[in-house]
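Novice: Return a 3D structure for these sequence lines:
(one chain, ligands or ions: 2)
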Amino acid sequence: MSITVLGAGAFGTALAIAIAQKQPVTLWARDADQANAMQTARENSRRLPDAPFPDALTVTPDLEVACKTKVLLLAVPMQKLRGFLERNQSLLQGKTLVACCKGMEIGTGVGPVAVIQQCCPTATPALLTGPSFAADIARGLPTALTLACALPDQAKLLQDLLSTPSLRLYRSNDVIGAELGGALKNVIAIACGAVIGAGLGDSARAALMTRGYTEMQRLATARGARPETLSGLSGFGDLTLTCSSPLSRNYQLGLALGRGDDFDDSITVEGAATAEALSQTAQKDGLDMPITLAVTNLVNRNLTIEEAMAHLLKRPLKEE
Ligand SMILES: NC(=O)C1=CN([C@@H]2O[C@H](COP(=O)(O)OP(=O)(O)OC[C@H]3O[C@@H](n4cnc5c(N)ncnc54)[C@H](O)[C@@H]3O)[C@@H](O)[C@H]2O)C=CC1
Ligand SMILES: O=C(CO)COP(=O)(O)O
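Specialist: Ligands and ions are numbered 1, 2, ... in the order given. Sure thing, here's the model as predicted:
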């Protein structure tokens, strides 16, 4: 069965390369020149260099052609998802749409699956998330991800369709838990990068990861997620990877903030917008999310890392 990946950034390209090892894949890129260059060069030299395309991978800038398959993976950044779906609603109704982005939407506080449901009500939404760098997936290194879908039969079908010998998918019907784990770990990774960048030490990072995980559980269970989802690949697994690897762009933004360096704002860093989205909704819901709030203030330059840490350390002492 042929599948399509919409969005030829690092992650979309990596997934297309991996899945094309076993079946035909169409990769849609919005920029025609780039699509043609990729199709000719057989690599995405801009976003994912040195990862050759398998023969079964075709790149196109034609969205109508790309949307002919039943299953489509959406690999556009979270804050761009709604606009993309609204513009292309007629092509996407009735399809199985697998969101591959990690984040929560500013303004609504919802994740990609709810956005798909709102924009394409006749589509079947699912989510692919978990610890994985695009470069690792593209190189065929061993990777395990969560495929979350509320419909068990669809979850099984997608698990079989998208798993490869090196890309192992576990399925889950806890969509909200999987979404929130993947979204919040990016926020905590910014915080961890910032303490390391500011020279505050590995112990401070371990404290932030652990208290950040508590924050992830607090918000996710308040929204109906199962605690065991948060301890799985989409939560704890991805938190571990993103807070400890210098390859993470969220961690890199944190490092720059901690060091007082500039950061290229064209780089996709989902945790910055997600921190803002979740700070807004957590406040409305009366949920205590101090690390998320600190990251929002840090990213918006309302607080320095030293001030943010002082705020966290001054909070009343409590039971763990
Ligand atoms: N890069 C990675 O290692 C991983 C990324 N992800 C997630 O995948 C999502 C995408 O990230 P990357 O591919 O890394 O980002 P990227 O910056 O490499 O690529 C983003 C892609 O989205 C396209 N795009 C941007 N705005 C668009 C719009 N309005 N309409 C249509 N297309 C648009 C861009 O042209 C680009 O091809 C993010 O949510 C990220 O968290 C998840 C796991 C791993
Ligand atoms: O989601 C990722 C790893 O699982 C990629 O992390 P970054 O977006 O921080 O690079």
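Novice: Find the residue at the geometric middle of this protein.
Specialist: The residue lying closest to the centre of the chain (C-alpha atoms, centre = their mean) is Lys102, at 2.2 Å.
Novice: Quick one: residues contacting that one.
Specialist: Contact analysis of Lys102 by C-beta atoms under 8 Å, 6 or more residues apart in numbering lists 78, 129, 182-183, 185-186, 238, 270, 274. For the C-beta atoms, the positions are set from N, CA and C on the backbone; glycine is no exception.
Novice: Those into CSV, with extra columns for pLDDT?
Specialist: Below are the contacts of Lys102 laid out as CSV (pLDDT from 0 to 100):
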residue, pLDDT
Met78, 98
Thr129, 98
Gly182, 98
Ala183, 98
Lys185, 98
Asn186, 98
Asp238, 98
Glu270, 98
Thr274, 98
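Novice: Which members of those residues are the farthest-apart pair?
Specialist: Met78 and Asp238 (14.7 Å; C-beta to C-beta).
Novice: Neighbour count for these two, which is higher?
Specialist: Remark: of Met78 and Asp238, Asp238 carries more neighbours, 28 against 25, as counted by other C-beta atoms under 10 Å.
Novice: Run through the neighbouring helices and strands of the helix or strand encompassing the more buried one.
Specialist: Taking DSSP states H and E as the definition, Asp238 sits inside helix 238-244. Contacts defined by 3 or more C-beta pairs under 8 Å, 6 or more residues apart in numbering; DSSP states H and E place helix 238-244 against helix 175-197, helix 202-222, helix 249-259.
Novice: and Asn44, which of the ones you listed is closest to it?
Specialist: helix 249-259 (16.5 Å).
Novice: What lies in contact with the closest one?
Specialist: 186-187, 189-200, 242-246, 261-263, 267-272, 298-299, 305.
Novice: Between the two ends of stretch 156-168, what distance do you get?
Specialist: One end of stretch 156-168 to the other measures 13 Å (C-alpha to C-alpha, to the nearest Å).
Novice: For the protein, which residues are neighbours of ligand 2?
Specialist: 102, 131-133, 186, 189, 238, 241-242, 248-250, 270 (C-beta under 6 Å from any ligand atom).
Novice: quick one: low-confidence parts of this protein?
Specialist: For the chain, applying pLDDT under 70 flags no range at all.
Novice: can you pull out the strands in it?
Specialist: Per DSSP state E, the chain carries strands over the ranges 3-6, 25-28, 57-60, 71-74, 96-99, 124-129, 143-148, 167-172.
Novice: Quick check, the residue in the protein closest to ligand 1?
Specialist: Sorted by distance to ligand 1 under C-beta to the nearest ligand atom, the residues of the chain start with Gly9, at 1.7 Å.
Novice: What about that residue, how many residues nearby?
Specialist: Neighbour number of Gly9 under other C-beta under 10 Å is 20.
Novice: Let the chain start at 44 from now.
Specialist: Yep, numbering from 44; the last one is Gly52 now.
Novice: Tell me who's in contact with it.
Specialist: 90, 118-120, 311.
Novice: Now the residue nearest to the centre of the chain. Its backbone dihedrals?
Specialist: Lys145 adopts backbone torsions of phi -120, psi 110, taken as degrees, to the nearest 10.
Novice: what about the residue nearest to Pro185 when sequence neighbours are not counted, neighbour count?
Specialist: The spatial neighbour of Pro185 that comes closest, neighbours along the chain excluded (C-beta to C-beta, 6 or more residues apart in numbering), is Ser209 at 5.5 Å. By other C-beta under 10 Å, the residues close to Ser209 number 15.
Novice: State the distance from Ser209 to Gly50.
Specialist: Per C-beta to C-beta, to the nearest Å, Ser209 is found 22 Å from Gly50.
Novice: With Leu296 instead?
Specialist: 21 Å.
Novice: sorry, back to before: between the contacts of Gly52, which has the most around it?
Specialist: When neighbours are counted by other C-beta under 10 Å, Ala118 leads these with 25 neighbours.
Novice: Touching, that residue and Ile62? I think so.
Specialist: No - applying C-beta atoms under 8 Å, one finds Ala118 not in contact with Ile62, separated by 11.7 Å.
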